[in-house]
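Engineer: I'll drop the sequence and a predicted model, then ask my questions.
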Amino acid sequence: MDQADKKVLFIYNFTYYVSWPKFSADKFLIGFLGNTGVKTMLENYTKGKSFAKAPIEVQSYKAVSNYQLIFVSAAGADDFDKIKKENLGKTVLFITENTMYNKIGGHIVFLWMATRLISW
């Protein structure tokens with residue numbers, strides 16, 4: 001299992017380990033910002049899967065969508081502040097690949113150390 005595979009499993013499992021507010025949307029949306037192979041892998045992994053009876057949908061980030069979870073890859077780092085502002089007041093879990101984001105707000109970070117993927 002490589003780094004991208006592990007990220008996919010973490011992201012998918014976060015949907016079940018996070019205490020979400022009452023969820024009643026018709027889709028559980030995961031937005032991706034930045035060019036990353038993780039998006040395609042997660043799309044394939046979640047195909048046919050659901051959360052609280054709503055199908056999980058993975059898509060490239062669009063400001064007009066109501067995401068439950070947003071993944072910001074290292075390639076999307078420059079837009080992080082903009083994305084945070086666009087989602088102000090919404091219940092969104094941010095997951096990033098950059099440890100520096102912890103200075104600008106709470107979220108989950110992926111960090112690859114030697115042969116281990118760590119999240120915090």
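Structural biologist: Looks like it came in fine.

Engineer: who are the neighbours in contact with Thr15?
Structural biologist: 28, 51, 56, 68-69 (CB atoms under 8 Å, 6 or more residues apart in numbering). C-beta coordinates here come from the backbone N, C-alpha and C atoms, glycine included.

Engineer: from those, which is closest to Tyr12?
Structural biologist: Comparing the contacts of Thr15 against Tyr12 with CB to CB places Ile56 closest, at 7.9 Å.

Engineer: per-residue pLDDT, the residue nearest in space to the middle of the chain?
Structural biologist: Centroid-nearest residue in the chain: Phe71, 3.1 Å away (criterion: CA atoms, centre = their mean). On the pLDDT scale, Phe71 is placed at 89.

Engineer: Figure out the helix or strand that it lives in.
Structural biologist: Assigned by DSSP states H and E, Phe71 belongs to strand 69-72.

Engineer: Which elements pack onto that strand?
Structural biologist: With contacts taken as 3 or more CB pairs under 8 Å, 6 or more residues apart in numbering; DSSP states H and E, strand 69-72 sits against helix 3-17, strand 28-33, helix 80-86, strand 93-96.

Engineer: Check the offset of that strand from the chain's centre.
Structural biologist: Centroid displacement of strand 69-72 relative to its chain, using CA atoms, centre = their mean, to the nearest Å, is 3 Å.

Engineer: Could you pull up the residues touching the closest residue in space to Ser73 that isn't next to it in sequence?
Structural biologist: Excluding its sequence neighbours, the residue lying closest to Ser73 (CB to CB, 6 or more residues apart in numbering) is Gly34, at 3.3 Å. If a contact means CB under 8 Å, 6+ apart, then Gly34 has 72-77, 79 as its contacts.

Engineer: Which of the residues you listed lies at the shortest distance from Lys7?
Structural biologist: Looking across the contacts of Gly34 and measuring by CB to CB, the closest to Lys7 is Ser73, at 9.5 Å.
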